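Q: sequence plus predicted model, see below.
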Amino acid sequence: MLVTTEREVLEENETEGDQPWQNVSQDERPVPIPTVEEVRKAIKSLRNNKAPGSNNISAEMIESGGKHLTRLMKNIDLPFVRGSLADVSLTSSSSDTSAERTVLRSDEIEVDFSDLTEEDKSLSAEDFDSLIVTMESEIQDLESNSLDSPDIAQVTERVNMWEDKMKEINFKLKRETAKTNNLRNNFENIKRRRLEAFMACFKHVSSMISNIYKDLMQSNLCHVMLTLENEEEPYLGGVQVCFVEHGKPCIGMASLSGGEAVMAGLALTFALHSFLQSPLLIFDEVDDALDANNIDRLVRYVNSHKDSMQITVITLNKKIAAECDVIVGVCPNQKLSGVIG
């Protein structure tokens, strides 16, 4: 029978140099080591007659336990040949006037010592306790030496250095990220404004070019349509111009004759001018590919829009020259250009 009192539990902890009691939870995460005073208070606060926990340790066992209880509290699984900790019973000594509790090891349990060596089996309780104290002291010395070693100090210094570098890098990263976001926002804003300006012009020209072409050709049987090759990014594609005449399929600019292409180009120029007027339009021999009918159409259209545009025409056509308000003639004069105004 192993008899251990509460007073002996506390005296053993004090005489062992306050060796720490380490309470390890089920998930093996370490907790702070209690002091002797904390152990005393914890034992006094235990309530008896309560069911044991998952480790089969009752409150009475904790109050009356000895060194074997310390091992149990460190979550060391004791091997049993038969029985378990739940078979350990408690009694009270009738001759003990101080009503100190005792722990009785029942005959129903048997500890398995087969894994111990003969040398370990021959150790007395005092030798075993001394060995535990020695080993714990050595562990504390190893922990103290490892924390004070130059290698740990150097590692700590390098860790601190890299932490400072990481803080500096993170600061620079945030600053550059902010700059990048600002540039991206500015780019997206310019891109949006460019698209809006282009689409405003395109929509205006698309709505005006057909009427201008009809007025220029003096015919209501023709129609002009503009389509974008890339509607989302119009700058990545071109603009398709399609001409439709009464009873004929739609044809593109490449299929027009020379005179028709010139008249279509003039209609597009006048449509752009109606959106954003230019102070001066210069036509360089636009009449070269025009027949007499198309020249008459061009002269009539220009004369009807004198108030909204000013045109300088370079031409050798007498009919166009005759309709101009001011004529400046250039001719050779003794191998030099001469001006006739």
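A: The structure has been received and is ready for your questions. Residues are numbered from 1 along each chain as shown.
Q: give me the contacts around stretch 257-267.
A: 209, 212-213, 216-217, 224, 241, 243, 253, 256, 286, 289-291, 294, 297-298 (CB atoms under 8 Å, 6 or more residues apart in numbering). Any C-beta I mention is one placed from the backbone N, CA and C, and that applies to glycine too.
Q: for the stretch 201-341 of the chain, which segments count as strands?
A: Per DSSP state E, counting those that start in this stretch, the stretch 201-341 of the chain has strands spanning 222-228, 239-245, 251-252, 281-284, 311-314, 329-333, 336-340. These are given in chain order.
Q: kindly reformat those strands as JSON lines containing mean neighbour count, mean pLDDT and distance to Val133.
A: Putting those into JSON lines (neighbours: other CB atoms under 10 Å; pLDDT from 0 to 100; distance: least, CB to CB, whole Å) gives the following:
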{"stretch": "strand 222-228", "mean neighbour count": "17", "mean pLDDT": "86", "distance to Val133": "90"}
{"stretch": "strand 239-245", "mean neighbour count": "16", "mean pLDDT": "83", "distance to Val133": "95"}
{"stretch": "strand 251-252", "mean neighbour count": "12", "mean pLDDT": "82", "distance to Val133": "102"}
{"stretch": "strand 281-284", "mean neighbour count": "13", "mean pLDDT": "90", "distance to Val133": "108"}
{"stretch": "strand 311-314", "mean neighbour count": "14", "mean pLDDT": "88", "distance to Val133": "113"}
{"stretch": "strand 329-333", "mean neighbour count": "9", "mean pLDDT": "76", "distance to Val133": "120"}
{"stretch": "strand 336-340", "mean neighbour count": "8", "mean pLDDT": "64", "distance to Val133": "120"}
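Q: and those as CSV, adding distance to Lys203?
A: Formatted as CSV, the entries for those read as follows, by distance: least, CB to CB, whole Å:
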stretch, distance to Lys203
strand 222-228, 9
strand 239-245, 12
strand 251-252, 21
strand 281-284, 22
strand 311-314, 26
strand 329-333, 42
strand 336-340, 44
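Q: outline the domain layout of the protein.
A: Domain assignment for the chain, taken from automatic domain parsing, gives 6-115, 197-340.
Q: those: lowest mean pLDDT?
A: Ranked by mean pLDDT, the domains of the chain bottom out at domain 6-115, which scores a mean of 55.
Q: can you point me to the longest helix in this structure?
A: Ordering each helix of the chain by length in residues (DSSP state H) puts helix 150-217 first.
Q: how far off strand 239-245 does that helix point, in degrees?
A: With axes from the mean of the first three to the mean of the last three CA atoms, to 10 degrees as the basis, helix 150-217 and strand 239-245 are set at 20 degrees to each other.
Q: does anything pack onto helix 150-217? Which helices or strands?
A: Here helix 150-217 is seen to pack against strand 222-228, helix 258-275, helix 292-304 when contacts are counted using 3 or more CB pairs under 8 Å, 6 or more residues apart in numbering; DSSP states H and E.
Q: which of those sits most buried?
A: For those, the stretch with the most neighbours on average is helix 258-275, a mean of 19; neighbours defined as mean count of other CB atoms under 10 Å.
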